[in-house]
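1. What follows is a predicted protein model with its sequence.
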Amino acid sequence: MNAPEPLAVEVRNVVKRFAGNTALDDVELAVPTGQVHAVIGPNGAGKSTLFGVIAGEHRPDRGSVHVAGRDVTSMSAHRRVKAGVARAFQVARVFSEMTVEENVTAAVVAAHDTSRVFWSGRGLRRARQPVADALEQMGLADLRERQARALSQGDRKRLEIAMALVLEPKLLLLDEPTAGMSPEETAATVELVRELWTRTGLTVLLTEHDMQVVFGLAQQLTVLNRGHVLCTGDPGVVRERDDVKEIYLGASA
Amino acid sequence: MTRRGLAGLAVLAVLVVVWPQVIGSGQLFFWDTAAIAVLFATSVNLLFGSGGIPSFGQAAFYGVGAYTVAKVAGHAWPVPAALVLAVLVGGVVAFATSLITWRTTGLAFAMLTLAIAQALYTLVEKVNWLGGYNGLPGISAPSLWGVNFFNQANLWYLNAVWVALGLLAFWRIRRSPFGHTLNAIRQDPQRAAFLGVNVRAYRAVAFTLAGCGAGLAGGLFAYTNQIVSPASLYWTESATPIIMLLLGGMTYFWGPAVGAVLLSALLNYLDQVTTSYLFYIGILLLAVLLLLPQGVLSIPAVAQGLLHRNRDGPGGGGRRRRHTLAMGLAAEPGDPAPAPLVPEPTDRASTP
């Protein structure tokens, strides 16, 4: 590419209010392509709202959101997926009455744009190989026929990431990817995201409470506090800042 | 399709062919209407069973299909052309309805479809061109390739062929990527949207396809009944296929069909022995909903579950999906119920 790499995601001056409460106040965020970027902050800092604004769940009251150079502010959630945004939810959301395999199939036919085909079953057959590959990649092959509702929280989250990945996103949003996981599952997930990133160079934006996960993965950090961006920078630098220490220590003290 | 499935279909085909000889032509009218109900209920189940789309106004498209055939039969349109037109008109009216209801879901959607259907009912009742309150009498299917449809057996075969075509179409839809996606939308519409699925558009397409099926069923009813009246658009006509699919089990493709035959037979019988047949239908529906929430087709799974003391409860057997009518009527879930921290045992794991 000769043009300068566009930012994978850029949030400009975003304001979002809920019933008078300002959840996001003039938030700016810029994540270069290929970066693993974490948004941290105490409860109620606006992390999930920021994710919702990027994914298309919430429309900002002011400001704009750009993905890979495209203004997606007015796009609905499903069109943003086509623009390259995929997400996993804080509490993993999968189709609970479907098997693991059927869940990924739903994602694959949506990604292939065959999901609208009602007159032929070919799209489902053509999805088989990509589905098998995705399950293999995420270590879910053994659980293929398991009902999604019978999965552990950790497996459910991995299934959700598998569904996000088959959409071939430019930007992957992971909202607390290790929440509710055992230490082993957490370690495995960190390893998985790292491996994924090394292999695909995917841009990942994540929120996380677990600071070990954050420092193990993120190349850059943005600290949110009460809807404001406190600072953005390298993990090592951010960690040593007095104001960051204060909101974290203040919150836990 | 499995070998057992194919064998079952072959038996069914043979039964359909010999049925006029078995049953005698006097009883064929009842079986004609039952076959039409099979198609109508199956079309409605694309909405309830697959999409979780609770429409209470499907009679509108059924009635519109019936009136379409009634009008063109007067001009001696050949049967296939008239029925294809009924499919198209049913689909177009359903599509228009889906545009009106575009932004609504759940109970609001159900009430809107009911209101639209009732409005059409009133309109049809008032329009002289459609025969007003009395409807349009004297409908008959013109002979096709030398086959005369005044013959009761031939009319039965006509119905059987078109009902089979309709069922084939809905089978195809259910087993298509679209059907799979519709299943996903039913379980979590917002999640589906975050896969890049335009949920409203998919619901509109499903609604249109179901309208096409209802239009075909209505068209067949016009030929069979020989008279169509506004009653075909009345709300009770929308409720009947819903009762049928609840009775048979809406998670199964053949559930609505089984429910349609059962309810038709039951109504036919009760009508002869009592005037308060609705009371008995009500009791039956209550019993099925409470004891067999997945319909009569879930009996084998339930029995197996009881035998194995399956803790998953009735209807949880095998890979069968569980959902009930209430799910479709609930408003769009903002957030799903939190996932259990302790995983539920799978059916297989709890089976010794």
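-> Structure received.
2. Pick out the residue closest to the middle of chain B.
-> Here the mean C-alpha position of chain B is nearest to the C-alpha of B:Ala41 (C-alpha atoms, centre = their mean), at a distance of 1.7 Å.
3. Look at the residue lying closest to that one once chain neighbours are set aside and give its secondary structure.
-> If you skip the residues right next to it in sequence, B:Ala41 has B:Pro256 as its closest partner in space, 3.6 Å away by C-beta to C-beta, 6 or more residues apart in numbering or on different chains. (Glycine included, C-beta is placed from N, CA and C.) Look at B:Pro256: counting by DSSP: H, G, I helix; E, B strand; the rest coil, its state is helix.
4. What of A:Asp142?
-> Put simply, A:Asp142 is helix when judged by three-state DSSP.
5. and it, how many neighbours?
-> 9 (other C-beta atoms under 10 Å in any protein chain shown).
6. where's it relative to A:His58, distance?
-> Taking C-beta to C-beta, to the nearest Å as the measure, A:Asp142 falls 37 Å from A:His58.
7. Tell me where the stretch 251-352 of chain B is predicted with low confidence.
-> Scanning the stretch 251-352 of chain B for pLDDT under 70 picks out B:309-352.
8. if you set the cut-off to 90 instead, what comes out?
-> B:266-286, B:288-296, B:298-352 (pLDDT under 90).
9. Strands along that one, start to end?
-> Assigned by DSSP state E, counting those that start in this stretch, the stretch 251-352 of chain B shows no strands.
10. ok so, going back, wait, the residue nearest to the centre of chain B touches B:Val261, no?
-> No: with contact defined as C-beta atoms under 8 Å, B:Ala41 does not reach B:Val261; the gap is 9.6 Å.
11. Could I get the contacting residues of the most centrally placed residue in chain A?
-> Closest residue to the average C-alpha location of chain A: A:Leu173 at 1.4 Å, with C-alpha atoms, centre = their mean. For A:Leu173, the contacting residues are A:Phe51, A:Ile54, A:Ala55, A:Val85, A:Ala86, A:Arg87, A:Ala88, A:Leu205, A:Leu206, by C-beta atoms under 8 Å, 6 or more residues apart in numbering or on different chains.
12. Can you give the contact residues for stretch A:58-74?
-> Contact partners of stretch A:58-74, identified using C-beta under 8 Å, 6+ apart, comprise A:6-17, A:24, A:26-27, A:33, A:49, A:52-54, A:56, A:79-80, A:83-85, A:170-171.
13. let's see it at 7 Å
-> Outside stretch A:58-74, the residues within contact range by C-beta atoms under 7 Å, 6 or more residues apart in numbering or on different chains are A:6, A:8-17, A:49, A:52-54, A:80, A:83-85, A:170-171.
14. what distance separates the strand or helix carrying the residue nearest to the centre of chain B from the middle of the whole chain?
-> B:Ala41 belongs to helix B:28-45 when assigned by DSSP states H and E. Taking C-alpha atoms, centre = their mean, to the nearest Å, one finds helix B:28-45 lying 8 Å from the centre of the chain it belongs to.
15. Report all helices and strands that it contacts.
-> For helix B:28-45, the elements it packs on are helix B:3-23, helix B:152-174, helix B:199-225, helix B:235-248, helix B:255-273, judged by 3 or more C-beta pairs under 7 Å, 6 or more residues apart in numbering or on different chains; DSSP states H and E.
16. what residues does the first one touch?
-> By that I understand helix B:3-23. The contact list for helix B:3-23, computed with C-beta under 7 Å, 6+ apart, reads B:Leu28, B:Trp31, B:Gln152, B:Ala153, B:Trp156, B:Ala160.
17. Buried residues in that helix, which are they?
-> Across helix B:3-23, burial judged by 16 or more other C-beta atoms under 10 Å in any protein chain shown covers B:Val16, B:Trp19, B:Pro20.
18. same check, this time on the second one
-> With burial defined by 16+ other C-beta under 10 Å, the residues of helix B:152-174 counted as buried are B:152, B:154-160, B:162-164, B:166-167, B:169-170, B:173-174.
19. orientation of the next helix or strand along the chain from that helix relative to helix B:152-174 in degrees?
-> With elements assigned by DSSP H and E, the helix or strand that comes after helix B:152-174 is helix B:177-187. Put simply, helix B:177-187 runs at 70 degrees to helix B:152-174, going by axes from the mean of the first three to the mean of the last three C-alpha atoms, to 10 degrees.
20. Which residues belonging to helix B:177-187 are considered buried?
-> Counting neighbours by 16+ other C-beta under 10 Å, helix B:177-187 gives B:Pro177, B:Phe178, B:Gly179, B:His180, B:Thr181, B:Leu182, B:Asn183, B:Ala184, B:Ile185, B:Arg186, B:Gln187 as buried.
21. In a markdown table: these, plus distance to B:Leu290 and pLDDT.
-> What follows is the buried residues of helix B:177-187, written out as a markdown table (distance: C-beta to C-beta, whole Å; pLDDT from 0 to 100):
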| residue | distance to B:Leu290 | pLDDT |
| --- | --- | --- |
| B:Pro177 | 36 | 95 |
| B:Phe178 | 33 | 96 |
| B:Gly179 | 29 | 95 |
| B:His180 | 31 | 95 |
| B:Thr181 | 32 | 95 |
| B:Leu182 | 28 | 95 |
| B:Asn183 | 26 | 94 |
| B:Ala184 | 29 | 95 |
| B:Ile185 | 28 | 95 |
| B:Arg186 | 23 | 94 |
| B:Gln187 | 24 | 93 |
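22. For B:Ile283, give its distance to chain A.
-> Distance, B:Ile283 to chain A, using C-beta to the nearest C-beta, to the nearest Å: 30 Å.
23. how many neighbours does that residue have?
-> B:Ile283 has 10 neighbouring residues, counting by other C-beta under 10 Å.
24. which residues are contacting stretch B:226-242?
-> Under C-beta under 7 Å, 6+ apart, the answer for stretch B:226-242 is B:40-41, B:44, B:48, B:56-60, B:62-63, B:66-67, B:70, B:114, B:117-118, B:120-121, B:124-125, B:133-140, B:218, B:221-222, B:256.
25. Between its first and last residues, how far does that stretch reach?
-> Chord length of stretch B:226-242, first to last residue, is 25 Å (C-alpha to C-alpha, to the nearest Å).
26. Now find how far off-centre that stretch is within its chain.
-> Distance, centroid of stretch B:226-242 to centroid of chain: 13 Å (C-alpha atoms, centre = their mean).
27. Same question for stretch A:236-247.
-> 24 Å.
28. Check stretch B:135-155 too.
-> 25 Å.
29. okay, how far is it across it, tip to tip?
-> Across stretch B:135-155, first to last residue, C-alpha to C-alpha, it's 22 Å.
30. if we can go back for a sec, identify whichever of the helices and strands packed on helix B:28-45 lies nearest to A:Pro130.
-> helix B:199-225 (21.0 Å; C-beta to C-beta).
31. Rounded mean pLDDT for the closest one, please.
-> The average pLDDT within helix B:199-225 is 95.
32. where do the helices sit along the stretch 51-200 of chain A?
-> Taking DSSP state H, counting those that start in this stretch, the helices of the stretch 51-200 of chain A run over residues A:77-83, A:100-112, A:122-137, A:153-165, A:183-200.
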